Structures are given as C-alpha cells and as structure tokens.
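>>> What follows is a predicted structure for the sequence shown.
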Amino acid sequence: MSTLSFMKIGRTRWFTHLSLAGITIGSLHLSHLYAPFGDLNYRLSIACGYLSLTLIVIYLLIGPYKLLRRRRNPVNIDLCRDVGIWAAMTGIAHAVCGFQLHKGGQIIYYFLHFRSVSLITRGAGNRYSNLSFQSAT
C-alpha cells in the first residue's frame, strides 16, 4: 500500500480518527485527574479499560441508531469499523498495562505457575509415603 492511497481515505474518516484520538487523550487526562499520584501503569490501565468499554458500547449502538432513524443499514459502516478498531487498540493497551501492574510485571506468572516450595517440605511426602507403606502391608 503506497502512502498516497493511505492518505486518500477521505476527510470524514480522518476526522473520525482524529476525534477518537482526541477522546483517547482526554480519557488519559481524566485518569490522571482520578489518580494523580497513582502509578503510570495504573492510570493507563484505568483509562484504556473504561475507554475501551465505552467504545464497544458505542460500536454496538451505531447499527440500531441508524435503524431507528429509518435509514437502510449497510453491511459496512466506516464509523462502526473505526470505533471498533479504536476499541480493540485501547483494549489491548489495557491488557498490556494490566499485565504490568499486577504480579510485579512478571507476565509469565499469569500463564505458568511455578512452585517454589517442594511438596516434601509441606508434609505431603510423609502422607504419600504412609499410604505406600500401608498398601504394601
């Protein structure tokens, strides 16, 4: 895709993307006002999470709104697609910031659980060894 075809998306779509970028920046500013002394990952997670949820609701309401205005509902609505793209981007940013926020930034601990204490020190080895001796007698 050349840069010229990228630039020819139309004024309406440019306006949509610029307004959604402005709404995103405004959401980031509101999260700073909500928790001015909070961690940066916390503020970004809060802002992107609520913004993503709001954009998903707007995305789902565009189609019924057009039907209520008695207009034919096309299969592809540019506004719907753009709002959905921004909802996905802010949702991914929320997930990344949330992963960094909890468990000390160690993302691997969300998916794999490493046991630092062996079963023998907890006494499980003694219980299972008793069972094996009991079954042998």
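Arrived safely, thanks for sending.
>>> Please identify the buried residues of the helix ranked longest in the chain?
Counting residues, the longest helix in the chain under DSSP state H turns out to be helix 40-68. Within helix 40-68, the residues that count as buried by 16 or more other C-beta atoms under 10 Å are 41-52, 55-56, 58-59, 62, 66. For glycine as for every other residue, the C-beta is placed from the backbone atoms N, C-alpha and C.
>>> Stretch 25-39 too?
Buried residues in stretch 25-39 (16+ other C-beta under 10 Å): Ser27, Ser31, His32.
>>> any idea how far the first one lies from Pro64?
If I follow you right, that is Ser27. Distance of Ser27 to Pro64, computed by C-beta to C-beta, to the nearest Å: 24 Å.
>>> Same question for the second one.
Going from Ser31 to Pro64 by C-beta to C-beta gives 29 Å.
>>> Likewise for Cys48?
Cys48 is 26 Å from Pro64, by C-beta to C-beta.
>>> Is the residue sitting nearest the centre point of the chain inside a helix or a strand, and which specific one?
Per C-alpha atoms, centre = their mean, the C-alpha nearest to the average position across the chain is that of Gly91, at 2.9 Å. Per DSSP states H and E: Gly91 is located in helix 78-101.
>>> can you tell me the average pLDDT over that helix?
For helix 78-101, mean pLDDT is 92.
>>> between it and helix 40-68, how big is the angle?
For the pair helix 78-101 and helix 40-68, the angle between their directions (axes from the mean of the first three to the mean of the last three C-alpha atoms, to 10 degrees) equals 160 degrees.
>>> got a list of contacts for helix 78-101?
With contact meaning C-beta atoms under 8 Å, 6 or more residues apart in numbering, helix 78-101 is reached by 12-13, 16-17, 20, 24, 39, 41-42, 44-45, 48-49, 51-52, 55-56, 58-59, 62-63, 105, 107, 110.
>>> Can you list the buried residues in that helix?
Applying 16+ other C-beta under 10 Å to helix 78-101 flags 80, 82-84, 86-87, 89-91, 93-94, 97-101 as buried.
>>> separation between Arg72 and Leu60?
19 Å.
>>> Check Ser45 too.
Where Leu60 is concerned, Ser45 sits at a distance of 23 Å (C-beta to C-beta).
>>> cool, Ile77 as well?
Counting by C-beta to C-beta - Ile77 and Leu60 are separated by 12 Å.
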